[in-house]
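Peer 1: Okay, here's the prediction I keep looking at, along with the sequence it came from:
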Amino acid sequence: MEKSEIMSNVPSNISQEDSDLLTEISVAYYQDGATQEEISKKFAISRAKVGRMLKQARDEGIVEITVKYHPVFSAKIEQRLIERFGVKRALIALDQPNEELQRSQVSGLVSNYLSSTLKDGMVVTVGQGRNVSSVAHYVGVIPLEIVSLFVVLAEYTLGEGCLMLIISAVS
């Protein structure tokens, strides 16, 4: 990607010169691994100013930071949900960049869980909504003729970027 392409994505509320400097300092810190002290010497500015400029680069959209969660994080949330609500299993779908990807992840989790759990004659209670209906369209769902489905008018959304669907199966 060329510099002109990168700069076209930067908000115009800062000057081109300031944007260039923020970009150069950000590249030095985040990509090249330079310390704030090294950057302050190179640009003849204080270390505190380097820190403020790195924050400004994040605020201006020059720098975007993404954290990819480790499966252990999901396991901890799952355990807390199991303890709090007394359910046997909680399925955790971490945040995705858009609704379609989020719905796909939730559908895949639920579909795989149902495929491995449902047996002939089981009764399943599920919530109503686009997320639940998308499970039926996900490849690998167990044929509905082997279970009875009861729909309840409830979906639960938690903070911490997770969607929780409570599924109770009784035989």
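Peer 2: Here it is on my side, so go on.

Peer 1: so where is the protein shaky, pLDDT-wise?
Peer 2: Scanning the chain for pLDDT under 70 picks out the ranges 1-12, 68-71, 123-129, 131-133, 135-171.

Peer 1: Could you pull out the strands in it for me?
Peer 2: Under the criterion DSSP state E, the chain carries strands at the ranges 122-126, 147-151, 156-157, 163-164, 168-170.

Peer 1: C-alpha coordinates for the longest helix seen in the chain, PDB please?
Peer 2: The longest helix of the chain (DSSP state H) is helix 99-117. What follows is helix 99-117, C-alpha atoms only, in PDB (Å, rounded to 0.1, in the frame of the first residue of the first chain):
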ATOM      1  CA  GLU A  99     -23.400  -8.700  12.200                       C
ATOM      2  CA  GLU A 100     -23.200 -11.300   9.400                       C
ATOM      3  CA  LEU A 101     -19.900 -12.700  10.600                       C
ATOM      4  CA  GLN A 102     -21.200 -12.700  14.200                       C
ATOM      5  CA  ARG A 103     -24.400 -14.500  13.200                       C
ATOM      6  CA  SER A 104     -22.400 -17.000  11.200                       C
ATOM      7  CA  GLN A 105     -20.100 -17.700  14.200                       C
ATOM      8  CA  VAL A 106     -23.100 -18.100  16.600                       C
ATOM      9  CA  SER A 107     -24.900 -20.400  14.100                       C
ATOM     10  CA  GLY A 108     -21.900 -22.600  13.700                       C
ATOM     11  CA  LEU A 109     -21.400 -22.900  17.400                       C
ATOM     12  CA  VAL A 110     -25.000 -23.800  18.100                       C
ATOM     13  CA  SER A 111     -25.300 -26.100  15.100                       C
ATOM     14  CA  ASN A 112     -22.200 -28.100  16.100                       C
ATOM     15  CA  TYR A 113     -23.400 -28.300  19.700                       C
ATOM     16  CA  LEU A 114     -26.900 -29.500  18.600                       C
ATOM     17  CA  SER A 115     -25.400 -32.000  16.200                       C
ATOM     18  CA  SER A 116     -23.400 -33.600  19.000                       C
ATOM     19  CA  THR A 117     -26.100 -33.300  21.700                       C
END
